[in-house]
Every structure is written in structure tokens, then in C-alpha cells.
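# have a look; sequence and predicted model below, questions after that.
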Amino acid sequence: VSTQESRTDRYRRVLALLPRAYLEQRGEEMLAVMLDGAEGEGRDRPSAGELLSVLGLSLRLRTGAPGASPRARSVGEMLRLITLIGLLLQAAAFASAPAQLPHLWISPIPGLDYAANFGRFDLWHVVGDLSGFVCPFLALAALSRGERRLGLVLTTNALVLVSSFPPHLDMFRYPAGFLGQTYAAVALCVIPTVSGLLGFHREAPRVVRPRRWFTAVFALAVPLVVLDSMPIARDWALASNVFAVVCGCAAVGIALSRTRSRGGAWPAALMVVGSPMLLMLPESMNLYTFGGSSFISRLLLTDPSTFVALVALAVEVLLAVALAVSLARRLRRSGRLPAELRGQR
Amino acid sequence: MNSPTRTEQVFLILTALADRPRHGYGIVQEVEKLSEGRTRLKVGTLYGALDRLTTEGLLEPDREEVESGRLRRYYRLTERGVAALTEDAERMAANARAAAQRLGVRGVRVSGAGADAGRPTNLGQGPRTARGAA
């Protein structure tokens, strides 16, 4: 009897990995299946396969598999949104790679120096840059079409770029070594990949309105490729830095101002993806104040990229104001008591 | 509308429940038997699939029994589940016939392909007559 009890306890401990509500509903039934299987195979303890199987089910249930709680479904939706939004931003962040490559051979832009902007110029770096642009496109297409495994493999390309390709930490084409920028680059590569692996499990629901995502990636990346291929945008440090800060401000601003109207998953996903981009704000300010290539010196020299710098500054100021206003509104709203509570005071 | 492609495991679970309701471990045993030992369902995989198929309306709980202190919940196919399994089976049979026919051209005989092996088939477009209550 004691052997039977200890075996039962061991299996119960494995099943304790499941969410409590699910365990209450299914626990005894699953325990019976596991004990029947153990007796059939003459085992006294759960195998590694069984443990992994329950662990996998537990993770899937906590991220929105059928049978999960409404809260877990929201978490799953948020993780999938983080992945899709992150892939959009990755494609946009690497948009300068396809934009600038043709100029190496076809029509060199005066003053353009690929090596200076992209780190070292060799085939491996070029392939890495292009994969940083192409893989998010393909990953988004695959995930939208329900090709989960292919999409996740393509999504992990960003991790490969970060882990085995240190020069690509400089993905925003900004002088390397700035802490904020490095964090932002790593976050943009790591967060969507990890979210994808957790959120796009085999029981995950299909992506809603898949065509919109694919349209969005074109709408965001193609104009950036065109813009980056123009001589006026040859200062990629500026353009890419601005891109990241603008996206970060916009994402966080929308997240703060739309918490009620867009449901819980969207604002949370925008906040998670957008916040690391804001780490670049201090570096963005540096860009306008330091060095021979600064905004101020360009302004004095009437360099063509002065226009870009002006637009960038205007956009960033506008977004910073919008962000501050939305934050203030949110704080005011959260401090306001409901009418019924005010009456009780 | 095309039905989603179901995995072999899910197809086997539906097949295991085609003749009568079974409980969890009964499904595991039947799937192993049907697949000639190739597929042994782990409990996490089984219950993930049961939850999904129940949500899709292809399965439903039948009854509960307690044997030797162990709870056994039985599951059965719904009408929709029967229709889905029929559709899958017909599509796979059509594919198998087509493969057997093509292999026959090379002089290879496929065991179990049946007398229909030589007939022309509509590869990948199973008959659409058996949707039933779906």
C-alpha cells in the first residue's frame, strides 16, 4: 500500500505543475491515466517524457491553449502580439541593409561608406544584415499563415544575430558602445523570439486578420527602404536612431492612452516592445549635441541631412509631448475615484 | 471551406473513439494498437488534444466512472467529429490510392491498397459527399 501511495504522490507532484483551476477539473482523471500507464509498464515514478509532457501542457495552458482561463488566454494573445509587433520593428530596423547594398556596386552615393556604417564589410556581415531584414518578413508571413514551426525558426534568426554576431548589436547604425542602444537592440531581438516560442505553441489559435500583419510590414519597411536608399538619409546613425525612438515613443504612448478601448493584450504588448526603444532617448539627445557630425554643426554647414535631423527632432519632440500628455491623463484618470465611492466619502 | 489538416495523433485519437466511447488510458492503448506501436501518447499531449477537440465540438464527455478509486472520464465522438473523421479518412484513402496507382506504374505493389489501386483518383481532393452534420 505504501508503495502505491508513494507512486501516487510522485505523480501528483508532477501534475501540480498544471494551473490550479485545470488541476481541479482534470487532475484526478489525468492521475488515473498516468497510474494506469505506470502499472502497464511496471514503473514506479514518472518518466522524463511524462514530466516534459505535463510541463509542456502547463506552459500551453498558461498561454492560452483550449481549456485555459480567460487570463491565460490574454497572456497568450499578448505574447503573440509582442512577437508580431517585434518582427515588424526588426524588419524596419534592418531596412537600411537592402537599401544601401545596391549602392555598393550600382550607383555609389558620394560620402557613403558601408564599412563605416555597417561595421566591417564582408560577405558574412552582408548576409547577416540582409537576413535581419528578410527573416522577420518571412517569419511574419509564416506565422500569419499558421506555419508555426517555420515561423519560429525564422524568428530565432534574431537570436543568432545577437548571440553569434556581436557587430550586429550595432543594428541601429549608431556608434557602438552606448549602453542604451545595446540594450534596445538586444531587447528587440530577444523579446519577440522568446514571446514567440512561448505564445505560438501547437495549441495556439490562429493569427487574427493575417493579411493585415503582412500589409503592415510592407507599409512600415518599404518606405524605410526607399528613404534609406536616398542620399539625404545617408546618415544612418541618425535615421535609424530616430526610427527606434519614434517607434518606442509611439508604442508606449498608444499603450498608455488606449488601455481601455483596445483591450488588455494590445497595450501590454506595445508597452513591452516599445519600452526598450526608449532606452535610446539619451543617445538620441547626444546625437544633437556632440561631435563633428552633430545636428548643430550640420545646421551650420547646411548639410543635406540637416533636413532629416530637423524632421527627426520635430518628430521626437512631438512624440515626447504626446507621451507626457498621455501619461499625465492616465495618472489623472487613475487618481479619479468612481462616483459611487466619492459619494461614500 | 477547407477543413484544417489534423495531425496523425489527432486522427488516431478520433479513430480510437470511432467505435465506442473510451476513457483516457483506453484512448492511449487504442492509439498505440492502431499505430502498431509507433505512437504512444503522453498524458500532456493527450489532454491537450482532448481539450482542443472538445472545444472544436468534435468530442464530448460521455460519462464518468470510478474504478479502484481512480476516476475515468469517457469521451465520445459527436456527429461533427464523425463527419470530420469521415472526411479525413476519405481524403487519406484517396491519397493512398493515388500513390498506389503511381507506384503501380513502376511495378511496385502496395499492400493493403485494395482493388481500387488502379483507378484514377482526385489526389488531395477527397470526396466532398460525406460532410454529414458538419
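Yep, that arrived. Numbers count the residues shown, from 1 in each chain, chains lettered A, B, ... in the order given.

# wait, is residue A:255 part of a helix?
Yes. Counting by DSSP: H, G, I helix; E, B strand; the rest coil, residue A:255 falls inside a helix.

# mind naming the longest helix for chain B?
When chain B is parsed with DSSP state H, its longest helix is helix B:79-105.

# buried residues in that one?
Buried residues in helix B:79-105, counting neighbours by 16 or more other CB atoms under 10 Å in any protein chain shown, are found at B:80-89, B:91, B:93-101. (C-beta placed from N, C-alpha, C; glycine too.)

# the worst-scoring helix or strand of chain B on mean pLDDT pairs with which strands, parallel or anti?
Sorting the helices and strands of chain B by mean pLDDT, DSSP states H and E puts strand B:59-67 at the bottom, at a mean of 90. Partners of strand B:59-67 in the sheet, by DSSP bridges, are strand B:70-77 (antiparallel).

# tell me the angle of the partner strand relative to helix B:79-105?
Between strand B:70-77 and helix B:79-105, the angle comes out at 70 degrees (axes from the mean of the first three to the mean of the last three CA atoms, to 10 degrees).

# state the mean pLDDT of strand B:70-77.
Averaged over strand B:70-77, pLDDT sits at 93.

# report the contact partners of residue 75.
Chain wasn't specified; assuming chain A. Counting by CB atoms under 8 Å, 6 or more residues apart in numbering or on different chains, residue A:75 makes contact with A:62-64.

# try chain B instead
Applying CB under 8 Å, 6+ apart, the residues contacting residue B:75 are B:17, B:21-23, B:27, B:50, B:54, B:59-62.

# just the buried subset of those residues, please.
Listed as buried from the contacts of residue B:75 are B:17, B:21-23, B:27, B:50, B:54, B:59; burial here means 16+ other CB under 10 Å.

# ok, now which ones touch residue A:199?
A:63-64, A:76-80, A:82-83.

# what residues does chain A put near chain B?
Chain A comes close to chain B at residues A:26, A:28-37, A:49-50, A:52-58, A:60, A:65-67, A:202-203, as judged by CB under 8 Å from any CB of the partner chain.

# can you pick the most crowded of the contacts of residue A:199?
In terms of neighbours by other CB atoms under 10 Å in any protein chain shown, the contacts of residue A:199 top out with residue A:83 at 29 neighbours.

# output the below-cut-off pLDDT ranges for chain B.
Applying pLDDT under 70 to chain B picks out residues B:1-5, B:112-134.

# that one against chain A: which residues are in contact?
Residues of chain B lying near chain A (CB under 8 Å from any CB): B:23-25, B:28, B:42-48, B:51-52, B:54-55, B:70-73.

# nearest to chain B: which residue in the stretch 101-250 of chain A?
Nearest to chain B in the stretch 101-250 of chain A, going by CB to the nearest CB, is residue A:203, at a distance of 5.5 Å.

# against residue A:322, how distant is that residue?
Note on residue A:203: its distance to residue A:322, by CB to CB, to the nearest Å, is 39 Å.

# so which of those two has more stuff around it?
residue A:203 (20 against 16).

# for that one, give me its contacts.
Here residue A:203 is in contact with A:60, A:65-66, B:48, B:51-52 (CB under 8 Å, 6+ apart).

# which of those are buried, as a PyMOL select command?
Buried residues within these, by 16+ other CB under 10 Å, are selected in PyMOL with:
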select buried, (chain A and resi 60+65+66) or (chain B and resi 48+51+52)
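
# what's the closest of the contacts of residue A:203 to residue A:151?
Of all the contacts of residue A:203, residue A:60 has the smallest distance to residue A:151: 16.8 Å, by CB to CB.

# now do the same contact list for that closest one.
A:68, A:201-204, B:48.

# farthest-apart pair in these, please.
Pairwise distances across these peak at 13.7 Å for A:68 and A:202 (criterion: CB to CB).

# more neighbours: these two, which one.
Using other CB under 10 Å as the criterion, residue A:68 and residue A:202 rank with residue A:68 on top: 21 against 14.

# distance of the more buried one from residue A:30?
In terms of CB to CB, residue A:68 sits 16 Å off from residue A:30.
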